[in-house]
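Visitor: Take this sequence and fold it.
(chains A and B)
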Amino acid sequence: MSILIATAGSGAIEGGMGFVWAAYSVTWLFFAGYGLSLFLRGREEA
Amino acid sequence: MKFRWELAVGIVGIAALLFGHGMGLFYAPPERMMGEVGRIFYVHVPVAWYAMLTFTVAAVAAVGWLTTGRHGFDWCVEAATEVGIVLNALLLILGSLWARPTWGVWWTWDPRLTSATVMLLTFVGVMLLRSAFKDPLRRANRTAIATILAFVNVPVTYMSVKWWRSLHQIQSTPDTVSEPMVLVFRINLVAMLLVVVWFIAHRWRIAKTRAAAERPPELPPRIAETS
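Guide: As a prediction, the model looks like this:
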């Protein structure tokens, strides 16, 4: 039985923190990039 | 340098987002079936909500411009559409990062993913159309009409997971997630809302400044009288 469970797995996804870090990082990258573009354009227009 | 209210909102929003993301990464429990990957929920869902909300704000402002002719509405259309495009593009990337470990693919032409892509492309089209007109009045009118037309797809995107058979789960709200996830979800929702308000307000001021620069300089009173 234990072999069967080990083979089939629990159905839950294991690991994947790399995807999580990538998602949070890309969010901050987008926000920082857009925030910077607003700051620069705001200074240009002023 | 003038202190603007939106800057204060932005600073609080960034601090709250740092805290919220910290909770999403280290405090929230792993999701029952998705495990650690479920933590993407705390960034993906707020971005999805606010992408659709900013496009809704743009559509309401477009109606406001067409009915009142007040320039503030036109600047709001420009600001909200641009911020919505940024959020929509981010949404698709986050969705792809979540799809790979859960569905096994980076991308699939699922109804939700397809309608979200159409949403992005149509609003990019609105901004391209806007940049094609030099005359401020024509530009504002055309943009408003295009924004309202593009908005038709926003409720379709929202409802796509219910209307069609979709790999994507149904819409997430604090009522559809388990108790330990609710607090972290709410913090991230509020934090991202503050950041989005800051973005829109700041972009609105840029649009206002540009509009002022576009206006022809006023003639001195004597010349104005004789001309």
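Visitor: Make sure A:Gly11 is indeed in a helix.
Guide: No. Read with DSSP: H, G, I helix; E, B strand; the rest coil, A:Gly11 is coil and lies in no helix.
Visitor: give me every residue that touches B:Trp106.
Guide: B:Trp106 sits next to B:96, B:99-100 when contact means CB atoms under 8 Å, 6 or more residues apart in numbering or on different chains. For glycine as for every other residue, the C-beta is placed from the backbone atoms N, C-alpha and C.
Visitor: how does it look with 10 Å?
Guide: B:95-97, B:99-100 (CB atoms under 10 Å, 6 or more residues apart in numbering or on different chains).
Visitor: B:Ser178 is in contact with B:Pro29, isn't it?
Guide: Yes. The pair B:Ser178 / B:Pro29 is scored as a contact, 8.5 Å apart, by CB atoms under 10 Å.
Visitor: Grab the nearest non-local neighbour of the one residue sitting closest to the centre of chain B.
Guide: Taking CA atoms, centre = their mean, the centroid of chain B lies closest to B:Gly84, which sits 2.7 Å from it. In space, and not counting its chain neighbours, B:Gly84 is closest to B:Thr54: 3.7 Å by CB to CB, 6 or more residues apart in numbering or on different chains.
Visitor: Could you pull out the helices in chain B for me?
Guide: Under the criterion DSSP state H, chain B contains helices at B:5-22, B:41-68, B:71-103, B:111-131, B:136-151, B:153-163, B:179-214, B:221-226.
Visitor: Using a markdown table, lay out those helices together with distance to A:Gly42 and mean pLDDT.
Guide: Below are the helices of chain B laid out as a markdown table (distance: least, CB to CB, whole Å; pLDDT from 0 to 100):
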| stretch | distance to A:Gly42 | mean pLDDT |
| --- | --- | --- |
| helix B:5-22 | 10 | 95 |
| helix B:41-68 | 19 | 97 |
| helix B:71-103 | 12 | 96 |
| helix B:111-131 | 18 | 96 |
| helix B:136-151 | 20 | 96 |
| helix B:153-163 | 28 | 91 |
| helix B:179-214 | 6 | 93 |
| helix B:221-226 | 32 | 63 |
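Visitor: Dump the ones you listed into TSV; add distance to A:Thr27 as well.
Guide: Below are those laid out as TSV (distance: least, CB to CB, whole Å):
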stretch	distance to A:Thr27
helix B:5-22	8
helix B:41-68	5
helix B:71-103	6
helix B:111-131	16
helix B:136-151	24
helix B:153-163	20
helix B:179-214	9
helix B:221-226	52
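Visitor: one step back: against chain A, how distant is the residue nearest to B:Gly84?
Guide: 12 Å (CB to the nearest CB, to the nearest Å).
Visitor: burial of B:Thr164, as a residue count?
Guide: Let me fix one detail, which is that residue B:164 is Trp and not Thr. 14 (other CB atoms under 10 Å in any protein chain shown).
Visitor: List the contacts of it.
Guide: B:Trp164 sits in contact with B:110-112, B:114-115, B:156, where contact means CB under 10 Å, 6+ apart.
Visitor: Among the helices of chain B, which comes closest to A:Val26?
Guide: Set against A:Val26 and scored by CB to CB, the helices of chain B come closest in helix B:71-103, at 5.6 Å.
Visitor: what about the closest one, distance to the chain center?
Guide: On the basis of CA atoms, centre = their mean, to the nearest Å, helix B:71-103 is displaced by 5 Å from the centre of the chain it belongs to.
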